[in-house]
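J.: What shape does this take:
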Amino acid sequence: MKYQISKDFSFEAAHRLIKNYSGKCSNNHGHSYRVRLTLEGEQLETTDMLFDFHETKRLQAWLDDKFDHATILWHEDPMLEMLQNFGNKVFITEKNPTAEHIAELIFAQAQALFENESVKVYCVEIGETCSSTARIMRQ
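T.: This next block holds a predicted model:
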């Protein structure tokens, strides 16, 4: 038998897509991002919980530190240097800062945060708008 728990988080950030992209998202714009972390395991703890929801807040702390009220930019974006010179909070990505790539980054961080726990990261889902989400899942 497998158990899963999910916890929702949020952060506010701006980004723009310019790597091989010419649509309207090439303009700098912001989102109220929603993140759903799903953890999975086969054994309940002695508390009869898979994992304490309170412990998942470690991910929110990382999201707040790295992404909240930041501009998320591809490392070759010409706007990067200007924002840094003005002292703006910037998160630099190696890929276009799409919802899919941001989900990859969060998934990797969640794996690192919970690697010594009895659970595994099963899925990270990120919503940019009320109708647009991206998901990355463990295989």
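J.: Report the secondary structure state of A103.
T.: At A103 the chain is in helix, as set by DSSP: H, G, I helix; E, B strand; the rest coil.
J.: pLDDT at it, what is it?
T.: With respect to pLDDT, A103 scores 98.
J.: For the residue lying farthest from the centre of the chain, list the residues it contacts.
T.: Using Cα atoms, centre = their mean, the residue of the chain lying farthest from its centre is T46. It sits 30.2 Å away. For T46, the contact set (Cβ atoms under 8 Å, 6 or more residues apart in numbering) is empty. Just so you know, the C-beta spots here come from the backbone N, C-alpha and C atoms, and that holds for glycine as well.
J.: what about it, distance to F91?
T.: The gap separating T46 from F91 is 39 Å, by Cβ to Cβ, to the nearest Å.
J.: next one: T133
T.: The value you get for T133 to F91, if Cβ to Cβ is used, is 20 Å.
J.: quick one: Q60 from E94, how far?
T.: For Q60, the distance to E94 (Cβ to Cβ) stands at 24 Å.
J.: re the thing from before, where does the residue farthest from the centre of the chain land in three-state SS?
T.: T46 carries the three-state label coil when classified by three-state DSSP.
J.: count of residues packed around the nearest residue to A70 once chain neighbours are set aside?
T.: Nearest residue to A70 in three dimensions, chain neighbours excluded: K89, at 4.2 Å (Cβ to Cβ, 6 or more residues apart in numbering). A count of neighbours around K89, defined by other Cβ atoms under 10 Å, yields 16.
J.: before we move on, what about L83?
T.: Other residues lying near L83 total 17 when counted by other Cβ under 10 Å.
J.: you'd agree it is up against L73?
T.: Yes. Using Cβ atoms under 8 Å, L83 is in contact with L73, at 7.5 Å.
J.: what do those two both touch?
T.: Jointly contacting L83 and L73 under the rule Cβ under 8 Å, 6+ apart are V90.
J.: how about I18, what does it touch?
T.: So I18 contacts S26, W74, D77, N96 (Cβ under 8 Å, 6+ apart).
J.: is it true that the second one touches P97?
T.: Yes. Contact criterion Cβ under 8 Å: W74 and P97 qualify, at 6.1 Å.
J.: Right, I'll call it a day here.
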